[in-house]
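[1] Could you work out the structure for the sequence below:
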Amino acid sequence: MNWNKWMRQTHRWLSVAFTAAVIINIVAIVLGKYTRSIGLLAVFPLILQLFTGLYLFVLPYAAKWRTARRTA
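    This next block holds a predicted model:
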């Protein structure tokens, strides 16, 4: 599996982890057992998703830059 596929797969699984953490947060709020550590549970996958998402966002622009550089 190449680097780009690995990054996309990581981003997808982080989104699943983030969704699960948000659901856990909502359940904790409804049950009245919300703590700060449960609140931070959703932050960690979100931070990692930020970095993988930025990489995936820049990827097409970097490819254009590389092809333009080769033709010049």
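
[2] and the most centrally placed residue in the chain, what helix or strand is that in?
    Residue closest to the average C-alpha location in the chain (C-alpha atoms, centre = their mean): Gln49, at 1.8 Å. According to DSSP states H and E, Gln49 maps onto helix 43-71.

[3] List the buried residues of that helix.
    45, 48-49, 52, 55 (16 or more other C-beta atoms under 10 Å). All C-beta atoms are positioned from the backbone trio N, CA, C, and that covers glycine.

[4] distance of Tyr61 from Leu54?
    Using C-beta to C-beta, to the nearest Å, Tyr61 is found at 11 Å from Leu54.

[5] that older thread, what is the nearest of the buried residues of helix 43-71 to Gly32?
    Pro45 (24.4 Å; C-beta to C-beta).

[6] wait, that closest one sits on Val22?
    No. Counting by C-beta atoms under 8 Å, Pro45 stays clear of Val22, with 9.6 Å between them.

[7] pLDDT below threshold where in this protein?
    1, 72 (pLDDT under 70).

[8] Next up, phi/psi of the residue lying closest to Gly53 once chain neighbours are set aside, please.
    Nearest in space to Gly53, with sequence neighbours left out and distances taken as C-beta to C-beta, 6 or more residues apart in numbering, is His11 at 6.3 Å. Note on His11: its backbone torsions stand at phi -60, psi -40 [degrees, to the nearest 10].

[9] any residues in contact with both of Pro45 and Val22?
    In terms of C-beta atoms under 8 Å, 6 or more residues apart in numbering, Pro45 and Val22 are not both contacted by any residue.

[10] quick one: stretch 20-31 to chain centroid distance?
    Distance, stretch centre to chain centre, for stretch 20-31: 19 Å (C-alpha atoms, centre = their mean, to the nearest Å).

[11] buried sites along it?
    Quick answer for stretch 20-31 (16+ other C-beta under 10 Å): 21, 25.

[12] Put the alpha carbons of it into CSV.
    In CSV, the C-alpha atoms belonging to stretch 20-31 read as follows (Å, rounded to 0.1, in the frame of the first residue of the first chain):
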residue,chain,number,x,y,z
ALA,A,20,-17.9,7.2,17.8
ALA,A,21,-16.3,9.6,20.3
VAL,A,22,-19.0,12.2,19.5
ILE,A,23,-21.7,9.6,20.1
ILE,A,24,-20.1,8.7,23.4
ASN,A,25,-20.1,12.4,24.4
ILE,A,26,-23.8,12.8,23.6
VAL,A,27,-24.7,9.7,25.6
ALA,A,28,-22.6,10.9,28.5
ILE,A,29,-24.3,14.3,28.4
VAL,A,30,-27.8,12.7,28.3
LEU,A,31,-27.0,10.4,31.2
